[in-house]
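1. sequence first, then the predicted structure, then my questions.
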Amino acid sequence: MSEKVTNFINSVKQQDYATAKSEFQTAMAERVNSAFENRKIELAQNMTEGTQINEASYTVPWDRDFNKDTKKWEKKYNVKIKADRDFSEADVSGKEADVKKFLSKELDFEEPEFEMIGLD
């Protein structure tokens, strides 16, 4: 039991109702504030649980000619592209939805091809 509740009970026992009123209001304010704080934390946790971001990194076939568009594509699709030394493959990373969008729009990947590189 909190100190404020104890003070409230003692004030009532002593029939000091003016002090009891003040102690009661203070105790209730503390309880309400604590409940609000707990509820804010609970709401924030619920909001973040449902919005996990799926980061992904995939290796895809690459062509040396693609390099001229790499920076443009990175900016447009919010992905990071890193080609290997011989430009036969590249790692494409970012949010999974952004990577899929990039692959389907710029490299003409179809949904069945996503499975081959681990995208579904």
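-> Structure's in. What do you need?
2. what is the helix or strand containing V60 packed up against?
-> V60 is located in strand 55-61, with elements delineated by DSSP states H and E. In this structure, strand 55-61 makes packing contacts with strand 89-95, helix 96-106, judged by 3 or more CB pairs under 8 Å, 6 or more residues apart in numbering; DSSP states H and E. C-beta: built from backbone N, CA, C; applies to glycine.
3. and the longest one, what does it pack against?
-> Think helix 96-106. The contact analysis (3+ CB pairs under 8 Å, 6+ apart) places helix 96-106 against strand 55-61, helix 70-77, strand 79-83, strand 89-95.
4. now the helices and strands packed on strand 55-61 in a markdown table, with mean pLDDT and distance to V12?
-> Below are those laid out as a markdown table (pLDDT from 0 to 100; distance: least, CB to CB, whole Å):
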| stretch | mean pLDDT | distance to V12 |
| --- | --- | --- |
| strand 89-95 | 87 | 60 |
| helix 96-106 | 84 | 61 |
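5. turn these into CSV, including distance to D16 and mean neighbour count.
-> Below are the helices and strands packed on strand 55-61 laid out as CSV (distance: least, CB to CB, whole Å; neighbours: other CB atoms under 10 Å):
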stretch, distance to D16, mean neighbour count
strand 89-95, 63, 18
helix 96-106, 65, 18
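6. and of those, who's closest to N7?
-> Taking CB to CB, strand 89-95 is the member of these nearest to N7, at 54.8 Å.
7. note down every partner strand of the closest one and its orientation.
-> Applying DSSP bridges to the sheet, strand 89-95 is found paired with strand 55-61 (antiparallel), strand 79-83 (antiparallel).
8. put together TSV for these, with mean pLDDT on each row.
-> Converted to TSV, the strands paired with strand 89-95 look like this (pLDDT from 0 to 100):
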stretch	mean pLDDT
strand 55-61	81
strand 79-83	89
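9. for K21, helix, strand, or coil?
-> Here K21 takes the helix state, with states given by DSSP: H, G, I helix; E, B strand; the rest coil.
10. can you pull the domain assignment for the protein?
-> Domain assignment for the chain, taken from automatic domain parsing, gives 3-49, 55-116.
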